[in-house]
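Colleague: Sequence and computational prediction follow.
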Amino acid sequence: MDNEASALTARLNRINAWSLPMYLLGIIGMGYFFVFYDISDIGFAMTTVQTQFNLTGSEVLFVALSVGLIGYAVGSYVIGTLSDSYGRFNMMLITMLLTAIGSFGDALSTNMVTLSFWRFITGMGVGADLNLVSTYIGEFAPAASRGRISVITFLVGIMGQAVTPFIALSLVPVYYTGWRWLFVIGGVIAVIALLLRFELPESPRWLINNKKYDRAEAIISRMEVVAKKKNALLESQQASVETDFGRFPTSYLFRKPYSTRLAITISLWFFWYIGNYGFLGDAATLLSNAGYTVYSSIGFIAIGAIGYPVGALISIVLADKVERKYLIFVYTIIWIISMVLFGSLSSVAVIYAGTFLASLALGSYLQVAYSYTAEIFPTRARTSGFALSDGLGHIGGAVGALFLPVLVVSYSFFFGFTFIGVTGLIAGLIALLGPISTTKKLEDVSA
């Protein structure tokens, strides 16, 4: 065992409270805000882009979904793997740069080809950033409050998904170039997030794992000063460390127990994203096809989006009090209820209830599941493990968004949305097969 690595890890694990400036959580959350803004904006923009670019329904799905998801998976894996080798900090700058460039490119697109290209670039940044933020926060946060701190950051981010429908409602149906301004706003947010991220330190766990002990010691010392002021230093303790260095990060994931965990998380995200992307990508359009105006369709989603911060607030309270895999399961029960209500179209009030509960389930589920996915893999391959789980899981997103309209047309609105409710519940059942992680040290979870 490397004694210096063990000593530094033990010092890090003694810190029992968030011991960096609180504004750093806001900085990270700003980047997260853009990520969730971007996940939502394309669905609203395409209601007008389809007409202006004379696109068919299949072309709309290709631009709005397939290209972005391919970029998402590629970016998450490539940049995630690079972050396992070259550090979290550098790659978190690159992700925001890609998303800023991609968003401004989206706004300037003149046809399907150029929009597809820029959606791919944006997708690369978004996919990698979701991966890196969850990993980064988890590697700083103390074991006892890792879930809560992750969700606090997520709360800032999920507001992007909550406010996007309102921004879209004020731009897309009103102005001919409204959809372009929707993307410009996203680009500005990404530039601000990029500039702010230069304030962030590197992950001390990554530094220790890569034998950059002097830099790790400097960061940990600053954290200890803050922790002492908060009376948040635990008794000295031994710490296990990773000693198998130098391999390609992904290679670790095909050894037990990580191969089993990888299979669980890929399946979990695959089934979850079927409903996630089906609802986010198709709900407004399918409501419009069912006879509601574009304005009303977006309005249903916009009002219901209040559920996102409500869900995140619920998870802030519960994330470290209830084992995460059990929470994931409970949130998927809320999800299936929301889809049954929404799919029924029985009244305006029921549609609002369905969209609110769907947003609440998404706001509750996502960061808890992101945190869980990151923490069950070792530091040397944490972002690689997240990338494969989330990236391959996004195939389910493509399946959901492509086939939900088919199910609605072939059977009924109710059948289509109930189906994606069931796939979400399956994700919750799969989560129950995973390891226990809540309040455990990362080194113990990933052992």
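Modeller: Right, received. Where do you want to start? Residues are numbered from 1 along each chain as shown.

Colleague: show me where pLDDT drops low in the stretch 101-250 of the chain?
Modeller: Applying pLDDT under 70 to the stretch 101-250 of the chain picks out residues 236-246.

Colleague: Quick one: the helices in it, in order.
Modeller: Secondary structure of the stretch 101-250 of the chain (DSSP state H, counting those that start in this stretch): helices at 112-140, 146-171, 178-197, 204-209, 213-229.

Colleague: As CSV, the ones you listed with distance to residue 255 and mean neighbour count would be great.
Modeller: Placement of C-beta: from N, CA and C, glycine included. Shown next, in CSV, are these (distance: least, C-beta to C-beta, whole Å; neighbours: other C-beta atoms under 10 Å):
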stretch, distance to residue 255, mean neighbour count
helix 112-140, 20, 25
helix 146-171, 24, 23
helix 178-197, 33, 21
helix 204-209, 17, 25
helix 213-229, 26, 16
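
Colleague: Tell me which of the ones you listed sits nearest to residue 353.
Modeller: helix 146-171 (16.6 Å; C-beta to C-beta).

Colleague: Show me what the closest one packs onto, helices and strands only.
Modeller: Here helix 146-171 touches helix 23-52, helix 112-140, helix 178-197, helix 294-304, helix 307-318, helix 348-375, going by 3 or more C-beta pairs under 8 Å, 6 or more residues apart in numbering; DSSP states H and E.

Colleague: Redo those as JSON lines? Include distance to residue 329.
Modeller: Listed next are the helices and strands packed on helix 146-171 as JSON lines, based on distance: least, C-beta to C-beta, whole Å:
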{"stretch": "helix 23-52", "distance to residue 329": "23"}
{"stretch": "helix 112-140", "distance to residue 329": "19"}
{"stretch": "helix 178-197", "distance to residue 329": "33"}
{"stretch": "helix 294-304", "distance to residue 329": "23"}
{"stretch": "helix 307-318", "distance to residue 329": "13"}
{"stretch": "helix 348-375", "distance to residue 329": "10"}
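
Colleague: quick one, which of the ones you listed is nearest to residue 254?
Modeller: Closest approach to residue 254 among the helices and strands packed on helix 146-171 (C-beta to C-beta): helix 348-375, 16.9 Å.

Colleague: Could you give the average pLDDT over that closest one?
Modeller: Mean pLDDT, taken over the full extent of helix 348-375, equals 93.

Colleague: So which other helices or strands are in contact with it?
Modeller: Applying 3+ C-beta pairs under 8 Å, 6+ apart, we find helix 348-375 packed against helix 112-140, helix 146-171, helix 258-289, helix 294-304, helix 307-318, helix 324-344, helix 382-410, helix 413-431.

Colleague: Take those and write them to TSV, including distance to residue 200.
Modeller: Formatted as TSV, these follow (distance: least, C-beta to C-beta, whole Å):
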stretch	distance to residue 200
helix 112-140	8
helix 146-171	12
helix 258-289	26
helix 294-304	32
helix 307-318	22
helix 324-344	25
helix 382-410	15
helix 413-431	30
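
Colleague: Give the closest residue to residue 153 in space, chain neighbours not counted.
Modeller: When the adjacent residues along the chain are set aside, residue 153 lies closest to residue 29, with 4.7 Å between them (C-beta to C-beta, 6 or more residues apart in numbering).

Colleague: likewise residue 414?
Modeller: What sits nearest to residue 414 in space, not counting adjacent residues and going by C-beta to C-beta, 6+ apart, is residue 343, at 4.2 Å.

Colleague: and the gap between that neighbour and residue 92?
Modeller: Residue 343 is 39 Å from residue 92, where distance means C-beta to C-beta, to the nearest Å.

Colleague: So between these two, which is more surrounded?
Modeller: Shown here are residue 343 and residue 92; by other C-beta atoms under 10 Å, residue 92 has more neighbours (26 against 23).

Colleague: Tell me which helix or strand the more buried one sits in.
Modeller: In this structure, residue 92 is located in helix 88-108 according to DSSP states H and E.

Colleague: Dump that helix to CSV, restricted to CA.
Modeller: What follows is helix 88-108, C-alpha atoms only, in CSV (Å, rounded to 0.1, in the frame of the first residue of the first chain):
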residue,chain,number,x,y,z
ARG,A,88,-11.7,16.4,-13.8
PHE,A,89,-10.9,20.1,-13.9
ASN,A,90,-9.5,20.3,-17.4
MET,A,91,-12.3,18.2,-18.9
MET,A,92,-15.0,20.3,-17.1
LEU,A,93,-13.7,23.3,-18.9
ILE,A,94,-13.8,21.5,-22.2
THR,A,95,-17.4,20.4,-21.7
MET,A,96,-18.6,23.9,-21.2
LEU,A,97,-16.6,25.2,-24.1
LEU,A,98,-18.2,22.6,-26.4
THR,A,99,-21.7,23.4,-25.2
ALA,A,100,-21.3,27.1,-25.7
ILE,A,101,-20.0,26.6,-29.2
GLY,A,102,-22.7,24.1,-30.0
SER,A,103,-25.5,26.4,-28.7
PHE,A,104,-24.4,29.4,-30.8
GLY,A,105,-24.0,27.1,-33.8
ASP,A,106,-27.6,25.8,-33.2
ALA,A,107,-28.9,29.4,-33.3
LEU,A,108,-27.1,30.1,-36.6
